[in-house]
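>>> please work out how this folds:
(one chain, ligands or ions: 2)
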Amino acid sequence: MAVYTTVSSEALGVFLEDYDIGAALSCVGIAEGIENSNYLLTTPLGRYILTLYERRVNAAELPWFLGLMQHLAAHGLACPTPVIGHDGEALRQLEGRPAALTTFLPGRPVSVIDTIACHALGAGLARLHALGRGYEAERPNTLGMASWAKLLAACGDAGEQLRAGLTTVVSDEICVLVAEWPALDRLPRGQIHADLFPDNAFFQNDALSGIIDFYFACTDFLAYDLAICLNAWCCPDDARPQQALIQAMLDGYESVRPLEDGEWEALPTFCRGAAIRFLLTRLYDWGHTPDGAVVTRKDPLAYWRRLMAWREMAGVLKRG
Ligand SMILES: Nc1ncnc2c1ncn2[C@@H]1O[C@H](COP(=O)(O)OP(=O)(O)O)[C@@H](O)[C@H]1O
Ligand SMILES: N[C@@H](CCOP(=O)(O)O)C(=O)O
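Ligands and ions are numbered 1, 2, ... in the order given. Alright, predicted model coming up:
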């Protein structure tokens, strides 16, 4: 559960005076999530998500994230829409933190990841990439390849405590990836979600009904976003990457936006890179989660196993 900041009913009452949605009937901390404090707020007008921004989110970048959600929603993507207050702003302060209200999306994450879900997710990701094209402002990927060596150093000996030799292997792999990573102008770039894990995709009746949690979104290679999803959806934590799930996601993606030759060539590199990126943030969190935070830490070694698997299984990423 992620609730880092408690919201008093007095502070919430004052906060809601800036909107036209009525007073709170209830405001309940949400069990899922890891980065921010989220509450399900119910007022006479309906349900909303109240988010207090906590950890890796840089407050100065919040207008970019909220603007992206607004743009995608306005162009037909089912994603949270920021609620605008009387002053025309979506972003304000609550309990000393930056905070915003967004619309509530119906649906639930899938309980079993199958080829239907992977195909739908692939197609949804490609749609997001296509719709993001009209949002011009760029946000560099602050957790991109250039950040990984520093992040590994910041993890200290957390890696060694989990698995002897991990730090050296990861450090060597980062050097290989830096050498292999495509130049910026070689492949299609645009707005990417960058954290489209199964918990951030809602489904209803086997169809993708919504995408949430845009707070790692940034401007980067589109195929790298696909690699993040291949890691998160097609590789069970306790098993090797699943060919059928991978194929379904790639087919779904290409049903909306066919990949270029260069993107196919880069995909094995991007899959190893995506494994490193989530291994590193999980490792960092392993040693740096604040005392008293109500949050479930995620297993860094699940991404170590993906990294090892991609090193052996690049062949499953070839064009079918
Ligand atoms: N717009 C939304 N509609 C419905 N539920 C939401 C919405 N946004 C967040 N949630 C709920 O809150 C949980 C945590 O949100 P998330 O954005 O993933 O948090 P974090 O940024 O902390 O990881 C989600 O798993 C979901 O249950
Ligand atoms: N998806 C990341 C952690 C970020 O958590 P989320 O709740 O914002 O998706 C991971 O699994 O490491």
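>>> pull the longest helix from this protein.
Ordering each helix of the chain by length in residues (DSSP state H) puts helix 261-288 first.
>>> list the buried residues in it.
With burial defined by 16 or more other CB atoms under 10 Å, the residues of helix 261-288 counted as buried are 263, 265-286. From N, CA and C alone the C-beta is placed, and that goes for glycine too.
>>> try stretch 52-60
52-55, 57.
>>> please render those residues as TSV that adds pLDDT and distance to A217 to the earlier fields.
TSV is the format used below for the buried residues of stretch 52-60 (pLDDT from 0 to 100; distance: CB to CB, whole Å):
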residue	pLDDT	distance to A217
L52	96	19
Y53	95	14
E54	89	17
R55	73	16
V57	84	11
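>>> adding secondary structure and distance to A120, write those residues out as JSON lines.
Shown next, in JSON lines, are the buried residues of stretch 52-60 (DSSP: H, G, I helix; E, B strand; the rest coil; distance: CB to CB, whole Å):
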{"residue": "L52", "secondary structure": "strand", "distance to A120": "31"}
{"residue": "Y53", "secondary structure": "coil", "distance to A120": "29"}
{"residue": "E54", "secondary structure": "coil", "distance to A120": "31"}
{"residue": "R55", "secondary structure": "coil", "distance to A120": "30"}
{"residue": "V57", "secondary structure": "coil", "distance to A120": "28"}
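>>> nearest spatial neighbour of the residue in the stretch 1-150 of the chain positioned nearest to ligand 2, chain-adjacent residues omitted?
For the stretch 1-150 of the chain and ligand 2, the shortest gap (CB to the nearest ligand atom) falls at I34, measuring 4.0 Å. Leaving aside its chain neighbours, I34 sits nearest to A2 (5.2 Å; criterion: CB to CB, 6 or more residues apart in numbering).
>>> please apply the same query to P236.
Q242 is the one closest to P236 (CB to CB, 6+ apart), at 6.9 Å.
>>> what's the neighbour count on that neighbour?
If you count neighbours by other CB atoms under 10 Å, Q242 ends up with 18.
>>> what does R108 give?
Residues within reach of R108, counting by other CB under 10 Å, total 11.
>>> same question, the one 4 residues further on
Taking other CB under 10 Å as the criterion, the count of residues near V112 is 6.
>>> would you mind measuring from it to ligand 1?
Separation of V112 from ligand 1 (CB to the nearest ligand atom, to the nearest Å) stands at 17 Å.
>>> kindly confirm my reading that that residue forms part of a strand.
No - secondary structure assignment places V112 outside any strand; it is coil (DSSP: H, G, I helix; E, B strand; the rest coil).
>>> the residue of the stretch 1-150 of the chain closest to ligand 2: neighbouring residues, count only.
21.
>>> so it sits against Y4, correct?
No - if you go by CB atoms under 8 Å, I34 and Y4 don't touch, sitting 10.1 Å apart.
>>> what does the stretch 51-200 of the chain put close to ligand 1?
Counting by CB under 6 Å from any ligand atom, the stretch 51-200 of the chain comes close to ligand 1 at 80, 102, 104-105, 199-200.
>>> of the residues you listed, which is the nearest to I174?
The closest of those to I174 turns out to be N200 (CB to CB; 25.7 Å).
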